[in-house]
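J.: Any chance you can model this:
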Amino acid sequence: MSNAEKARKLAHQYIITDGHVDLPYRLKVNNFRLEKEYLGIPISTDEGDFDYKRAKEGGLDAPFMSIYIPSSYEDNGAKLLADSLIEMVEGIAMAHPDKFAISSSPREVRENFRKGIISLPMGMENGAPVEGNLENLAYFRKKGISYITLTHAKDNHICDSSYDTTRTWNGLSPFGREVVQEMNRIGIMVDISHVSDSSFYQVIRLTSKPVIASHSSCRVFTPGFERNMNDDMIKKLAENGGVIQINFGSSFLDGEVQSQNDQNREALSKILLEKGLDWRDDKAKPIIEKFRKDHPTLYSDVKKVADHIDHVVKVAGIDFVGLGSDFDGVGDSLPTGLKDVGDYPNLLEELLSRGYSDLELEKICSGNVLRVWEEVQRGTGKM
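T.: Residues are numbered from 1 along each chain as shown. Just a heads-up that it's a prediction; the model follows:
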């Protein structure tokens, strides 16, 4: 049996979890509605990175649906937006009970896997909907939220963001410390993707349960990109028992690719500026098209994703790495060989070629994340 054949077999033999798929917000932007004529959108479509057909082809069993809350909602309707996105995911599952099911525990994921149904666990990207009220954590837990990414692109009332240089709290806010402890108590995974380095270290010192990075990669390949994790953070995460789930976006995978794309963008902007044109001007279109033809966008590839997995294994061990693609969330930046949810076997094939065992692949596919999820829920009555 070739590695390609074995990879496809294992992709369907093992549960595959993905820590972060931005389907709900993509559907919201596209004005998704749950009338009958729209119900086919999550099943088979040429749009986006996720649908049922491609997920089944790729062996994806438990994509965490991202309940994404833009930073602009920090003081403006965050909880209402979160509720609407959760209801959308619930609506998809109710409309297609033979294909999807809401899942809020590893036990439910395993049961659905045995039935051939794709689980739809949910993680809330940005803690803004907590809105300063600890009782909202239990509210969202009851609605099926299994992890919360503490912040997003801006500092919020919980902690500082890796993308924001304001450093409002120099880590966690006083309320943010209460949030972490309450999440531990009621069984919601703490997600440290997007947080500043100071926030990460404070979470690690404070938490009594393992934490996750639902969609982050290794900073060694992207120097200066704080959104990724450095080696010391990866080691600390492993000591905590947590998992880093590798983001597939090219800008997360390869700093050189991102640098060249940035240089091309700046060069094109300079050309348009010299001609007195705006990007949206009709006269700019042929200039933009020619430039992009001569300077095509660069992408990382599936081998680089495997490099990140290799690096985590080298730094911390096989028990602390998983998959967090950011499908539907990183736009046109996905690597060659991992363009949508049908492509997971390509990554398994690459890992097989590097000597990973079947057991190690199972840990990467889901075993590590399910272990953390179970540990976080242990003692809370939800397993």
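
J.: Quick one: the strands in the stretch 1-150 of the chain, in order.
T.: Ranges of strands in the stretch 1-150 of the chain, per DSSP state E, counting those that start in this stretch, are 17-21, 62-68, 100-102, 118-120, 122-125, 145-149.

J.: May I see those strands organised as a markdown table, with mean pLDDT, mean neighbour count and distance to residue 286 added?
T.: In this view, the C-beta of every residue, glycine as well, is placed from N, C-alpha and C. Listed next are the strands of the stretch 1-150 of the chain as a markdown table, based on pLDDT from 0 to 100; neighbours: other Cβ atoms under 10 Å; distance: least, Cβ to Cβ, whole Å:
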| stretch | mean pLDDT | mean neighbour count | distance to residue 286 |
| --- | --- | --- | --- |
| strand 17-21 | 98 | 29 | 36 |
| strand 62-68 | 98 | 27 | 35 |
| strand 100-102 | 96 | 21 | 44 |
| strand 118-120 | 98 | 25 | 44 |
| strand 122-125 | 98 | 27 | 38 |
| strand 145-149 | 98 | 25 | 41 |
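
J.: what would the ones you listed look like in JSON lines with distance to residue 238?
T.: JSON lines is the format used below for these (distance: least, Cβ to Cβ, whole Å):
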{"stretch": "strand 17-21", "distance to residue 238": "16"}
{"stretch": "strand 62-68", "distance to residue 238": "21"}
{"stretch": "strand 100-102", "distance to residue 238": "31"}
{"stretch": "strand 118-120", "distance to residue 238": "26"}
{"stretch": "strand 122-125", "distance to residue 238": "21"}
{"stretch": "strand 145-149", "distance to residue 238": "18"}
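
J.: Can you say which of those is nearest to residue 303?
T.: strand 17-21 (19.2 Å; Cβ to Cβ).

J.: Contact partners for residue 348?
T.: Residues near residue 348 by Cβ atoms under 8 Å, 6 or more residues apart in numbering: 7, 10, 11, 361, 365.

J.: Please apply the same query to residue 221.
T.: 228, 253, 254, 255, 304, 307, 308, 311.

J.: nearest to residue 168, of those?
T.: Among those, and counting by Cβ to Cβ, the member closest to residue 168 is residue 228, at 21.6 Å.

J.: Can you give me the neighbour number for the closest one?
T.: A count of neighbours around residue 228, defined by other Cβ atoms under 10 Å, yields 27.

J.: Give the closest residue to it in space, chain neighbours not counted.
T.: Ranked by Cβ to Cβ, 6 or more residues apart in numbering and with sequence neighbours excluded, the top spatial neighbour of residue 228 is residue 219, at 4.0 Å.

J.: What is the burial count for that neighbour?
T.: The burial count for residue 219: 22, using other Cβ under 10 Å.

J.: what's the closest residue to residue 70 other than its chain neighbours in contact with, if anything?
T.: In space, and not counting its chain neighbours, residue 70 is closest to residue 152: 7.0 Å by Cβ to Cβ, 6+ apart. When contacts are counted by Cβ under 8 Å, 6+ apart, residue 152 touches 68, 69, 70, 71, 125, 126, 128, 161, 194.

J.: right, and the pair among these with maximum separation?
T.: 68 and 161 (14.2 Å).

J.: ok, residue 54 touching residue 341?
T.: Yes: applying Cβ atoms under 8 Å, one finds residue 54 in contact with residue 341, separated by 4.9 Å.

J.: Out of these two, name the residue with the larger neighbour count.
T.: Neighbour count, other Cβ under 10 Å: between residue 54 and residue 341, residue 341 has more, with 28 against 19.

J.: could you say which helix or strand contains the more buried one?
T.: Using DSSP states H and E, residue 341 sits in no helix or strand.

J.: wait, what's in contact with it?
T.: Applying Cβ under 8 Å, 6+ apart, the residues contacting residue 341 are 18, 21, 49, 50, 51, 54, 55, 58, 60, 63, 325, 327.

J.: let's go with 7 Å and repeat that
T.: By Cβ atoms under 7 Å, 6 or more residues apart in numbering, the residues touching residue 341 are 49, 50, 54, 55, 58, 60, 327.

J.: hmm, who's touching stretch 245-260?
T.: In contact with stretch 245-260 (Cβ under 7 Å, 6+ apart) are residues 19, 212-217, 221-223, 225, 228, 298-300, 304-305, 308-309, 321-326, 330, 333-335, 338, 369.

J.: what bits of the chain have low per-residue confidence?
T.: Residues of the chain meeting the criterion pLDDT under 70: 31-41, 44, 381-383.
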